[in-house]
Structures are given as structure tokens and as C-alpha cells.
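Trainee: output the structure for:
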Amino acid sequence: MSDLSSKDSSLDNLFRRDPRAEWIARNRLHPLHGEMLHAGSGEVRGPSGLLRKNPHVIGFIGPNGIKRIDRANVSSAAVGGKKRSGEAKEVQLPLHIVENPDFYIMVVADMVGGRLTGHDKDILGLAHQLVARRNGAVTLVCFGENKETQCDLAGVDRLIHLEGAEYEGFAPEARLTALQKIEAQYKPHHWLFPDSVHGGTDLACRLSARLGERLAAQAWQVNAEQTVCRGASASHDILRDTPRILTLMEECGDAIDETRHQVLPISLDSIEQVSPAVVDKGLIAVDSNAVPLAEAEFILSAGNGIHNWDQFHSTAAVLGATEGASRVAVDDGFMPRSRQVGASGTWVTARVYLAVGISGAIQHMQGIGQCDKVIAINTDAGCDMVKRADLAVIADSEEILAELTRLAQAYSSSKNQEEKSDAA
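Mentor: Down below sits the predicted model:
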């Protein structure tokens, strides 16, 4: 009896192959191929019986959307679907703590639309390089509305959020007064600004003139001792000692992706109100199609999937979006050549790129590589544009555009009613 039980236990420990599961894992055209790979551990038995690893399924997607290697094997499971060590778990990044900072580095971000841009995150990464294992705190200074929900993952140790109507729109005098107050109270080691058209360069120049310090413009390689700046229309590099105030180019540093940060708000003494010399009356309505495609921030782009072109043009007008098109739509004569997006047309850097009926040829994907958010409306869930998109809607384009138009008109009418009631 004991011999039989021992034999049964030894049989239980034998590895049992699942030929069907192995065949599906090897056959990329099988409809269950993707499901089998996600259920597996990345280890399969080859035809020769050897254990092989599939590098495409080893690892997990972290909080920042970056794929990381699963060294602890916490998310593995057998090819046949049997779990080995539990389900995949979201990894909690280590918390970077700065208790009592000896100094501060101030990052005055553009915060376009109330959120950190990729440019802002690059500068936050550079700020941590300047801290260089010393007891310093990287402080984010932002004005107006703050919609950013992931400041902790972007590398913000301390936060100075200045709210109020006086900081909205173009308000250089009020913002400069606030920065002077921060300078007097915290005396930061460095002031870092984005070298951009969104106001960072202008504010940095004003602060530099007010403090009587020479800034470094178009800096792209920075350490605690020396800075390399672009000069002569980016044809020469200028080497100089690192000053306190810098305007930094994109990709000046690596964005933070390995740690979480505290994002502790710090107080600021009362700021004296100043009378602005220039009053911002808001944006003037302009024809969205008069904006050059390369400079547009919101693009509604049409492809071969658009059949109702009158609806497309009216939707772009209601949304206030600049019109773009794929090469197919241009070649068919529905859109002018100046509206073509892609490597063979115009490279765009829009904050929002809404692609309607575009499958996503490689030249088109190259042209939208620098867009911040890509939204795809398509009936083909497997097309390249849907895979690239941050948000995809699998539905008929005419129905979606009609609903977008209705919602935009409803929002516009409600906003006009609020303005009339406020005026009354």
C-alpha cells in the first residue's frame, strides 16, 4: 500500500505536456494565440522537448506603462493554464523620501492644459540628476488649474501650487512676483524652465533680469558644474559654467520611472498683489484651418473610412480642430495636399490627434510620433492606428462624429448661458 502511494506521488510530480496548448502558442495565426501567451509563463516545450522561453511575454507592464522583466517570476503560469505562483500583481515602486531638505531645485513647468507635458517630465528628471544623491528636494511650481494626478511618478518631492484668477492666462507680472517671493523665502540652488513657446522662456528671462543673473538658454546637457547650450540656430554647442537659471530643451534628461515621490505641498508667505500692465481678455476665435498643421494642438484627421465629408468638415468646425488627412484621402482628392499628415506630408506635434477611419500606414505613424494623445475611431479593432492609440473607439465613424457634434454644441450653449447669467 505504501509502495502504491509513493508511486502515485511520484506520478503527480511528473511534467505533463499539453500538445494542443504548445501548438497554439507556436501558431501566431491561431485565434487563441494571444490568450494562450498571456495565460502562459513565457516557457514552452519545443518540438524537441527542450524548455524554451518566449521573450515577448516575459515581464509585466508597470504603473508608467513601461514593460519590465519579471525577475521574481510572480506572474508566471504553466502553458496549459495552471498557475505556478499566483496572478500578476501591479508593482509598487519604492517611495523616495526627503525628510528635511538642505536645498531646493525649482521646476517651473508649462503645465499645458493643467497637466505635465513630456517636456516638463524631462526637466524633472534632470532636476534629480542635479540633486545627485544629496539631501535636496525637487519642487514643482505651477500656476492656475492643476489636473495632474501622477506628480508622484513624475519625480515631484515638493509642490507649490499658486491658484487664483490673477495667474490665469497671460499674467507675467503676477507670476514673476510669486517667483520672487519663492526666491526670497527658499533661495533655490537652481531655477529650471522649459525652453518653449508656452511661457517658460518668457518667464525665465523676466526672472533673470529681475534677479540680475545671466541665464543659460537652450540648454540640453547639464550637470552641477557645466552646461552645454545650443547656439547659432542649433548648429553649434556652447560650453559654460552652470548658472542658477536655465531654460532647457526637450530630452534634456531622462524622465523619472523607477521611484515614487512624496509631492508634499509647501507653504508660501503672502504675495503682494500687483496691477498688471497687460490684461488678458482671453482667446480670440480664429479659423482653425488657418493654423498651420505643424503648429496645431488639436487635429481631426480623416482617412479612407470617411464617406460623409460634409459631416467631417462640420464636426471639425464645431470642435475647433484643425483638419488633417491620410495620404489615401489626399490622393483621392477629398483633401488638399497641404493637409496630409505623415512622413511624406507634415510631421505634427498636436496635444490631441483624433484619427477617424485611418488604418495607420507606417508613414502616417511616423508623422504623428510626437503627438501627446492619439484617439482612434475605426471599425477595425486590429489596425495599427488602434494599437497606437491611447484611446480607441470601435464603431461607425458617422455615428461617433454626430454624437461628438451634439455634445460640443450642448457644451457651447451651456457655457454661453453661464456667461450671460454671470453678466446679468
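Trainee: residues contacting the closest residue to G345 other than its chain neighbours?
Mentor: In space, and not counting its chain neighbours, G345 is closest to G367: 6.3 Å by C-beta to C-beta, 6 or more residues apart in numbering. For the C-beta atoms, the positions are set from N, CA and C on the backbone; glycine is no exception. By C-beta atoms under 8 Å, 6 or more residues apart in numbering, the contact list for G367 reads 341-343, 345-348.
Trainee: now the buried members of these.
Mentor: With burial judged by 16 or more other C-beta atoms under 10 Å, the buried subset of the contacts of G367 is 341-342, 345-346, 348.
Trainee: turn the residues you listed into a markdown table, columns for secondary structure, distance to A255 and pLDDT.
Mentor: Converted to a markdown table, those look like this (DSSP: H, G, I helix; E, B strand; the rest coil; distance: C-beta to C-beta, whole Å; pLDDT from 0 to 100):
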| residue | secondary structure | distance to A255 | pLDDT |
| --- | --- | --- | --- |
| V341 | strand | 26 | 95 |
| G342 | coil | 27 | 93 |
| G345 | coil | 29 | 92 |
| T346 | strand | 27 | 93 |
| V348 | coil | 22 | 94 |
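Trainee: ok, so of those, who is nearest V156?
Mentor: V348 (29.2 Å; C-beta to C-beta).
Trainee: check which helices and strands the longest helix anywhere in the chain is in contact with.
Mentor: Secondary structure assigned by DSSP state H gives helix 397-423 as the longest helix of the chain. For helix 397-423, the elements it packs on are helix 309-319, strand 352-356, strand 373-378, judged by 3 or more C-beta pairs under 8 Å, 6 or more residues apart in numbering; DSSP states H and E.
Trainee: by contact count, what packs against the second one?
Mentor: Which is strand 352-356. So strand 352-356, by 3+ C-beta pairs under 8 Å, 6+ apart, packs with strand 298-302, strand 373-378, helix 397-423.
Trainee: quickly compare these and say which is most buried.
Mentor: Of all these, strand 298-302 has the most neighbours on average by mean count of other C-beta atoms under 10 Å, namely a mean of 27.
Trainee: who touches that strand?
Mentor: Taking C-beta under 8 Å, 6+ apart as the rule, strand 298-302 contacts 288, 293, 309, 312, 315-316, 319-326, 329, 334-335, 341, 348, 350-358, 371.
Trainee: mind putting the helices and strands packed on helix 397-423 into TSV with mean pLDDT?
Mentor: Below are these laid out as TSV (pLDDT from 0 to 100):
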stretch	mean pLDDT
helix 309-319	94
strand 352-356	95
strand 373-378	94
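Trainee: quick one, which of these is packed in tightest?
Mentor: strand 352-356 (a mean of 26).
Trainee: what lies in contact with it?
Mentor: By C-beta under 8 Å, 6+ apart, strand 352-356 touches 297-303, 305-306, 312, 321, 324, 368, 371-378, 385, 389, 397, 400-401.
Trainee: for that strand, which strands pair with it and how are they oriented?
Mentor: Looking at strand 352-356 with DSSP bridges, its partner strands are strand 298-302 (parallel), strand 373-378 (parallel).
Trainee: now the angle between helix 397-423 and the last one, please.
Mentor: For the pair strand 373-378 and helix 397-423, the angle between their directions (axes from the mean of the first three to the mean of the last three C-alpha atoms, to 10 degrees) equals 130 degrees.
Trainee: elements contacting the helix or strand that strand 373-378 is followed by?
Mentor: Following strand 373-378 in sequence order, the next helix or strand is helix 384-388 (DSSP states H and E). Judged by 3+ C-beta pairs under 8 Å, 6+ apart, helix 384-388 is in contact with helix 362-367, strand 373-378.
Trainee: okay if I get those as JSON lines plus distance to H189?
Mentor: What follows is these, written out as JSON lines (distance: least, C-beta to C-beta, whole Å):
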{"stretch": "helix 362-367", "distance to H189": "40"}
{"stretch": "strand 373-378", "distance to H189": "34"}
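Trainee: among those, which is nearest L153?
Mentor: That would be strand 373-378 among these, by C-beta to C-beta, at 17.3 Å.
Trainee: could you dump the closest one to PDB, C-alpha only?
Mentor: Presented in PDB, the C-alpha positions along strand 373-378 are these (Å, rounded to 0.1, in the frame of the first residue of the first chain):
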ATOM      1  CA  LYS A 373      -2.600  61.900 -27.100                       C
ATOM      2  CA  VAL A 374      -3.900  59.800 -30.000                       C
ATOM      3  CA  ILE A 375      -7.500  58.900 -30.300                       C
ATOM      4  CA  ALA A 376      -8.700  56.400 -33.000                       C
ATOM      5  CA  ILE A 377     -12.200  55.900 -34.400                       C
ATOM      6  CA  ASN A 378     -12.300  52.800 -36.600                       C
END
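Trainee: chain center to the longest helix of the chain, what's the gap?
Mentor: Averaging C-alpha positions (C-alpha atoms, centre = their mean, to the nearest Å) puts helix 397-423 27 Å from its chain's average.
Trainee: got it, and stretch 217-227?
Mentor: So, by C-alpha atoms, centre = their mean, the centroid of stretch 217-227 is 24 Å from its chain's centroid.
Trainee: who's in contact with it?
Mentor: 126, 129-130, 132, 195, 201, 216, 228-231, 234, 239-243, 246-249, 251-253.
Trainee: give me the distance between the two termini of it.
Mentor: 10 Å (C-alpha to C-alpha, to the nearest Å).
Trainee: numbering from 228 from now on, please.
Mentor: Fine by me, first position is 228 from now on; the one you just mentioned is stretch 444-454.
Trainee: which SS state does W418 fall under?
Mentor: strand (DSSP: H, G, I helix; E, B strand; the rest coil).
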